[in-house]
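Asks: predicted coordinates and the sequence they were generated for:
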Amino acid sequence: MNSYTGKGYGGNDLNVKVQCMHCEHPACVSACIVGALKKDPKGPVHYDPDVCIGCRYCMIACPFQIPAYEYEKALTPRVMKCTMCFERTIKNNQVPACVEICPTEAILFGKRKDLLKIAHERIRTNPNRYVDHIYGEYEVGGTSWMYLSNQQFTDIGFPELGNKSPAQLTESIQHGIFKGFTGPVLLFGLLGIIMKVMQKDETDE
């Protein structure tokens, strides 16, 4: 939780909950080479520590710099981030704990399309309270966790990002290289040529 003194509506403090954005096309999931991170169709990006090998590619890939690693746990480190209370929301059909406990209903939970309707309506009916921007509606291809604010988001710690997921670029490159197994064939072919040249040089000596 980050707090910004005097930046809230009416001159109050502005409190910002910082957490995993649960991207619609998550870069962390794309970067994970063992499938420890998975995007559930209902929204959450779920993490399985039993599968994780600790490569930390997800930390590098995340445009929001959210995943954190338990460096202090030498034998059983995990990648830590919000899972949108996966056990509650997906398995038991409950709302996340933060939503249930919030006394002012600053956090809402529901279908993305319904939340967008609510957000747009709040902006329309309260133009002096909110900037005309739903953070997460389009950023990095859209996220399942979205924000409304009275401040420009770049002024309160949110990165300015494009509307495409980083995973779209990296996956297109990967798929282009490995389409039809072309990449590995060329690689092994090149290695074969190098070995032949080296063998010839040794024979000439």
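Replies: Done, it's in.

Asks: list the contacts of Lys7.
Replies: Lys7 makes contacts with 13-14, 150-151, 155-156, as judged by Cβ atoms under 8 Å, 6 or more residues apart in numbering. In this view, the C-beta of every residue, glycine as well, is placed from N, C-alpha and C.

Asks: same thing with Tyr130?
Replies: Going by Cβ under 8 Å, 6+ apart, Tyr130 touches 122-123, 148-150.

Asks: and for Asn163, nearest residue in space, chain neighbours not counted?
Replies: Tyr138 (4.6 Å; Cβ to Cβ, 6 or more residues apart in numbering).

Asks: neighbours of the residue nearest to Tyr135 when sequence neighbours are not counted, how many?
Replies: Sequence neighbours aside, Tyr147 is the residue nearest to Tyr135 in space, at 4.3 Å (criterion: Cβ to Cβ, 6+ apart). For Tyr147, the count of nearby residues is 18 (other Cβ atoms under 10 Å).

Asks: lowest-confidence helix or strand of the chain?
Replies: Using mean pLDDT, DSSP states H and E, helix 166-178 stands out as the lowest-scoring helix or strand of the chain, at a mean of 57.

Asks: quick one, strands of the chain?
Replies: 2-4, 14-16, 37-39, 45-47, 68-69, 79-80 (DSSP state E).

Asks: tell me which of the ones you listed sits most buried.
Replies: Highest mean neighbour count among those (mean count of other Cβ atoms under 10 Å): strand 45-47, with a mean of 23.

Asks: what sits against the nearest residue to Cys58 once chain neighbours are set aside?
Replies: Leaving aside its chain neighbours, Cys58 sits nearest to Cys28 (3.8 Å; criterion: Cβ to Cβ, 6+ apart). Applying Cβ under 8 Å, 6+ apart, we find Cys28 in contact with 37, 45, 58, 61-62, 67.

Asks: need those in CSV (columns: distance to Gly6 and pLDDT).
Replies: CSV is the format used below for the contacts of Cys28 (distance: Cβ to Cβ, whole Å; pLDDT from 0 to 100):
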residue, distance to Gly6, pLDDT
Leu37, 38, 95
Val45, 34, 95
Cys58, 36, 94
Ala61, 35, 94
Cys62, 30, 95
Pro67, 31, 95
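
Asks: can you pick out the most distant pair from those residues?
Replies: Val45 and Ala61 (11.8 Å; Cβ to Cβ).

Asks: keeping just the C-alphas, turn stretch 1-9 into PDB.
Replies: Provided in PDB are the C-alpha atoms of stretch 1-9 (Å, rounded to 0.1, in the frame of the first residue of the first chain):
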ATOM      1  CA  MET A   1       0.000   0.000   0.000                       C
ATOM      2  CA  ASN A   2       1.400   3.400  -1.000                       C
ATOM      3  CA  SER A   3       0.100   6.600   0.500                       C
ATOM      4  CA  TYR A   4       0.200  10.100  -1.200                       C
ATOM      5  CA  THR A   5      -0.300  13.000   1.200                       C
ATOM      6  CA  GLY A   6      -3.000  15.400   0.200                       C
ATOM      7  CA  LYS A   7      -3.500  13.900  -3.300                       C
ATOM      8  CA  GLY A   8      -6.800  12.300  -2.500                       C
ATOM      9  CA  TYR A   9     -10.300  13.700  -3.300                       C
END
